[in-house]
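S.K.: Everything below, folded, please.
(2 chains)
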2 protein chains.
Amino acid sequence: MTFTTRTPRIVAARRLQRRKDRDQTGRFLAEGPQAVRAALAAGVVLELFGTDGALTRHGDLALLAPVVSPVDEDALAALAETVQPQGLVAVCEQMDVTLGDALAKRPRLVAVAAEIRDPGNAGTVLRTADAAGASAVIFAGDAVDPYNGKCVRASAGSLFHVDVVRTGLGVVGELRNAGLQVLATSGHGADDLDSLLDDGVLDAPTAWIFGSEAHGLPREVLDAADRRVRVPIYGGAESLNLAAAAAVCLYASARAHR
Amino acid sequence: MTFTTRTPRIVAARRLQRRKDRDQTGRFLAEGPQAVRAALAAGVVLELFGTDGALTRHGDLALLAPVVSPVDEDALAALAETVQPQGLVAVCEQMDVTLGDALAKRPRLVAVAAEIRDPGNAGTVLRTADAAGASAVIFAGDAVDPYNGKCVRASAGSLFHVDVVRTGLGVVGELRNAGLQVLATSGHGADDLDSLLDDGVLDAPTAWIFGSEAHGLPREVLDAADRRVRVPIYGGAESLNLAAAAAVCLYASARAHR
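M.R.: Just a heads-up that it's a prediction; the model follows:
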């Protein structure tokens, strides 16, 4: 039997495009073979929807899913948020962990997205943090839902690779208690990133806190951090965008931790 | 006199949202105070449109513009591509230079965007390259129009700070003749970015070539470059996005050039 847009399971799955329904059910959607593969590896797929063609093309993925449901093209288009989801959408269980659980693993590199409301930016931070070897990404304060479709897509699978934590803004104390130095990024920070790298400061286990591009970090977070760090600007630009700043900072730590 | 959506100069300016009209006229639009300020500093503003409120708030900018035309809210909204342009839109002259002119200045750091079609990505590369101290950004091959509104906005003024060049894909020889080593980014590159930084390779004047996220760099460009360089991936991510990869590479060079 092939599901259509009117099949109740499709109707229910489609509602997961809305935050309210994600929050209520603890589920979310992942689309496309890359995300589905990562979700399957993380063991969080509840049901895999696919067109006949896609399920044949990606038979290896279909074999790994606990439930596989063929859908027609219209149903797939209704579930997917992009034009080319390549025929696959999975319903997944949300898998964020508590801050305590993430820190109990004694991570050496952590990224904190504080009040970042743009899902594309949040997803890019997830991807970049994962690439740089961070083991946890913390969504702090009034941040975007990490299971927002655009965030899931921008993370390119990394949402499923790292420990995702959702918590309040008052994280600095717990991070420090876990043996991490806490570095807050700020365009006006007193410490220059390159100097910290030169001086060996970045050798220590580190949590980087990134704020929104529009507002930067709240005063209380800047004050609580061990250092306020600026990425040096060598040309005429006023600042870097969030994705670029996060990449430069996280890779400076990765370089120091090699 | 306040211009409306039907004033011929507004109608003509609005057409600059289309590439065809930008190409034909050699003009483009910049919106918002940050971009207008940078455009005025670069001496490329032909006419500044603003609401009465914005022209009062930004009187310093109005004083610098050769022609200032008050517009009503509807005309401003028609000219602007964002919801909050903050009341200002400038008609500017395109100011790209030839590759020869850009290289005659003997730049030490250059970014090449090869066949990058996403305007947001291209604008981010402009901004990041400027921040890292690059003096020229080259749009090579079938790349996005640098004067596309989304690219202008993503560049956050940096379009006006660097030498912008539009040319074909066969740039490697000319870059090398200008004393630049040519480094092509590739997820499978034989050289690791951190090793190049350790070994002092990045101390030399450098042109970085970035390809599109979807397709990477064309074979002929990879083959022509002096080295094919990968950004090391320490976690589970398959790759970095373009903005993040460009930031890490350009800032590695900036670090070496300090």
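S.K.: Pull the number of nearby residues for the nearest residue to A:Arg108 once chain neighbours are set aside.
M.R.: Spatial nearest neighbour of A:Arg108, excluding adjacent residues (C-beta to C-beta, 6 or more residues apart in numbering or on different chains): A:Pro205 at 4.4 Å. Bear in mind the C-beta positions are built from the backbone N, C-alpha and C, glycine included. Using other C-beta atoms under 10 Å in any protein chain shown, A:Pro205 has 17 other residues around it.
S.K.: my guess is A:Pro205 meets A:Gly133, correct?
M.R.: No. Between A:Pro205 and A:Gly133 there is no contact under C-beta atoms under 8 Å: 11.6 Å.
S.K.: Just name whatever secondary elements whichever strand or helix holds A:Arg22 is in contact with.
M.R.: Element membership for A:Arg22, per DSSP states H and E: helix A:19-25. Contact partners of helix A:19-25 among helices and strands, from 3 or more C-beta pairs under 8 Å, 6 or more residues apart in numbering or on different chains; DSSP states H and E: none.
S.K.: what is the mean pLDDT for that helix?
M.R.: Helix A:19-25 shows a mean pLDDT of 97.
S.K.: Over to stretch A:248-258?
M.R.: Mean predicted lDDT for stretch A:248-258 stands at 97.
S.K.: buried residues in that stretch?
M.R.: A:Val248, A:Cys249, A:Leu250, A:Tyr251, A:Ala252, A:Ser253, A:Ala254, A:Arg255, A:Ala256, A:His257 (16 or more other C-beta atoms under 10 Å in any protein chain shown).
S.K.: CSV for those residues, including distance to chain B and secondary structure?
M.R.: Shown next, in CSV, are the buried residues of stretch A:248-258 (distance: C-beta to the nearest C-beta, whole Å; DSSP: H, G, I helix; E, B strand; the rest coil):
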residue, distance to chain B, secondary structure
A:Val248, 5, helix
A:Cys249, 10, helix
A:Leu250, 9, helix
A:Tyr251, 5, helix
A:Ala252, 8, helix
A:Ser253, 10, helix
A:Ala254, 5, helix
A:Arg255, 6, helix
A:Ala256, 10, helix
A:His257, 8, helix
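S.K.: can you pull out the helices in the stretch 51-200 of chain A?
M.R.: Using DSSP state H, counting those that start in this stretch, the helices of the stretch 51-200 of chain A run over residues A:52-57, A:59-64, A:73-79, A:99-104, A:119-131, A:149-155, A:172-177, A:193-198.
S.K.: What mean pLDDT does the fifth one get?
M.R.: In this model, helix A:119-131 has a mean pLDDT of 97.
S.K.: In PDB, could you pull the C-alpha coordinates for that helix?
M.R.: Output in PDB follows, covering the C-alpha atoms of helix A:119-131 (Å, rounded to 0.1, in the frame of the first residue of the first chain):
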ATOM      1  CA  PRO A 119      17.800  28.200  12.000                       C
ATOM      2  CA  GLY A 120      20.200  28.300   9.100                       C
ATOM      3  CA  ASN A 121      22.900  29.900  11.300                       C
ATOM      4  CA  ALA A 122      22.200  27.400  14.100                       C
ATOM      5  CA  GLY A 123      22.500  24.500  11.700                       C
ATOM      6  CA  THR A 124      25.800  25.800  10.300                       C
ATOM      7  CA  VAL A 125      27.200  26.100  13.900                       C
ATOM      8  CA  LEU A 126      26.200  22.500  14.400                       C
ATOM      9  CA  ARG A 127      28.000  21.400  11.300                       C
ATOM     10  CA  THR A 128      31.100  23.500  11.900                       C
ATOM     11  CA  ALA A 129      31.400  22.500  15.500                       C
ATOM     12  CA  ASP A 130      31.100  18.800  14.500                       C
ATOM     13  CA  ALA A 131      33.800  19.300  11.800                       C
END
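S.K.: hmm, who's touching stretch A:48-63?
M.R.: Residues outside stretch A:48-63 that contact it (C-beta atoms under 8 Å, 6 or more residues apart in numbering or on different chains): A:2-3, A:10, A:13, A:33, A:36-37, A:40, A:65, A:67-73, A:75-76, A:79, A:86-91.
S.K.: From those residues, list just the buried residues.
M.R.: For the contacts of stretch A:48-63, buried by 16+ other C-beta under 10 Å: A:3, A:10, A:13, A:33, A:36-37, A:40, A:65, A:68-72, A:75-76, A:79, A:86-91.
S.K.: From these, which land in strands?
M.R.: The members of the buried ones among the contacts of stretch A:48-63 that map onto strands under DSSP state E are A:Val68, A:Ser69, A:Pro70, A:Leu88, A:Val89, A:Ala90, A:Val91.
S.K.: Would you mind measuring from the last one to A:Pro66?
M.R.: With distances defined as C-beta to C-beta, to the nearest Å, the gap from A:Val91 to A:Pro66 amounts to 10 Å.
S.K.: Also near chain B: which of the buried ones among the contacts of stretch A:48-63, exactly?
M.R.: With C-beta under 8 Å from any C-beta of the partner chain as the criterion, the buried ones among the contacts of stretch A:48-63 include none near chain B.
S.K.: circling back: residues shared between the contacts of A:Pro205 and A:Gly133?
M.R.: Common neighbours of A:Pro205 and A:Gly133 (C-beta under 8 Å, 6+ apart) are A:Arg108, A:Leu109.
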